[in-house]
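Student: sequence and computational prediction follow.
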Amino acid sequence: RRSTTMAVGTVLITGGTGYIGSFTTLALLDAGYDVVIVDSLYNSSKVAIDRIELLAGRRPDFYQVDITNEKALDEVFAKHPAIDSVIHFAALKAVGESSIIPLEYYRVNVGGSIALLQSMTRYNVTNIVFSSSATVYGDATRFPDMIPIPEHCPIGPTNTYGRTKSMIEDVITDYVNAQRTNLEKEGKPFQQWNGALLRYFNPCGAHPSGIMGEDPQGVPFNLLPLLGQVATGQREKLLVFGEDYPSRDGTAIRDYIHVVDLARGHLEALNYLRSKQPGVKAWNLGSGRGSTVFEIIKAFSNVVGRDLKYEVVARRPGDVLDLTANPKLANEELQWKTELTMEKACEDLWRWVSNNPQGYRQEPPAE
Ligand code: NAD
Ligand code: WQD
């Protein structure tokens, strides 16, 4: 079904069949935008599009395209001249893997972002919202007064994945600024470039309907999906990485943000770019509330209704004590704040994993 009324705008979403991308597509469709998705399906399934349609009542356009393929991107822009903005999710995101195959991470994440910016330039698409990560801050506890973390906290990623994110932030910042300056010099009609660098903290949860959620191909590595597998019996126990942190219960602190809130943050950032034309800016998307690993285990066990097995092991290399956001800037400038709690995310995640233990796949993945 196509929309019958005029769209608010048309947005290209890279990585739109992925976890955060699918929820953002839904938020944009609900807000009256038309959405065109490009995704290679490297870590996602086309079934996500059916679920989006079921919830939104209309379907985004979809192209199976690799973002490193500029020619294929060009074809999508050529086919959809109404696109005026891009939300860029497509990336490789496994922290551990990134140190094993760093060139692949730089090629896809950094190279793919450059290809996208070049293609956008050819089609005069000048707004980009980028998926950055709290991981760009590295260990903010090395500075006094930087927890909860504000955007002006110095960047210092501690792994390859994080370095691809901070590099892309630099690429976008330099390019947006250069485009604005060049146009001014050339005296051309002012087509402002704008960029939002959204630093997410720990996204989690699923759609309250229980029909849309995270469906990683392969073994998950984030805390809540792993706990979900313990609850469904697909995993024997959770390994807790360290209880010797100087926190209230010895386990590390993170700012868990419900994916529905996170998706709405993208909508607000997009609206801000399109109306305020601010140039390039970074915003934290987090709740401002930190939870320890034990608190998450407790909250999820409460929802499931029984204790979940865990075992404390050594710290995971590269992990830091505390990544809690100071979300004041996004609260004030984007008029956005989280509305859903970590407990609600646990509830929605449990509905999703208990209804869909194999995610979007009908059958377990082939060995
Ligand atoms: P995801 O893997 O579910 O989504 C990423 C999507 O990009 C997938 O659908 C994948 O198939 C696609 N993709 C990968 N390589 C591609 C390529 N070369 N061309 C086209 N498509 C490609 O991950 P997500 O959790 O939804 O993350 C989305 C974005 O947010 C990523 O950029 C990630 O780095 C960033 N991020 C995620 C988290 C998190 O914890 N989930 C936190 C901070 C930032
Ligand atoms: C959360 C907490 C672990 C698994 C990662 C990326 C970050 C961002 C979000 C993309 C930590 C503990 C975990 C387990 C555990 N992604 N844990 N046992 O490490 O905060 O962030 O995902 O941008 O860049 O680094 O998330 O879910 O892996 O861990 O005890 O089996 O749970 O030590 O304290 P993390 P996570």
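Tutor: Looks like it arrived, so ask away. Ligands and ions are numbered 1, 2, ... in the order given.
Student: least confident secondary structure element in the protein?
Tutor: Counting by mean pLDDT, DSSP states H and E, the chain has its least confident helix or strand at helix 160-186, which shows a mean of 91.
Student: going on from it, what's the next piece of helix or strand?
Tutor: strand 194-200 (DSSP states H and E).
Student: near ligand 1, which residues of this structure? Just list them.
Tutor: 15, 17-21, 39-44, 66-68, 89-93, 108, 112, 131, 133, 200, 203, 222 (Cβ under 6 Å from any ligand atom). The way it works is simple: take the backbone N, C-alpha and C, and place the C-beta from them, glycine included.
Student: now, these that are in helices?
Tutor: If you go by DSSP state H, those have 19-21, 112 in helices.
Student: mind putting those residues in TSV, pLDDT included?
Tutor: Formatted as TSV, those follow (pLDDT from 0 to 100):
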residue	pLDDT
Y19	98
I20	98
G21	98
G112	99
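Student: just the buried ones from these, in PyMOL syntax?
Tutor: To isolate the buried members of these in PyMOL, using 16 or more other Cβ atoms under 10 Å:
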select buried, resi 19+20+21+112
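Student: need the ones in helices among the residues of the chain next to ligand 1 in CSV (columns: distance to I155).
Tutor: Converted to CSV, these look like this (distance: Cβ to Cβ, whole Å):
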residue, distance to I155
Y19, 24
I20, 21
G21, 24
G112, 21
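Student: sort out which one of the ones in helices among the residues of the chain next to ligand 1 lies nearest I168 for me.
Tutor: G112 (9.1 Å; Cβ to Cβ).
Student: list the contacts of the residue nearest to that closest one when sequence neighbours are not counted.
Tutor: Leaving out its chain neighbours, the residue that sits closest to G112 by Cβ to Cβ, 6 or more residues apart in numbering is I67, at 3.9 Å. I67 sits next to 14, 38, 40, 73, 90, 108, 112-113, 115-116 when contact means Cβ atoms under 8 Å, 6 or more residues apart in numbering.
Student: and I67, its phi and psi?
Tutor: phi -70, psi -10 (degrees, to the nearest 10).
Student: on that earlier part again, so which of the contacts of I67 is surrounded by the most neighbours?
Tutor: Within the contacts of I67, most neighbours by other Cβ atoms under 10 Å means A90, with 29 neighbours.
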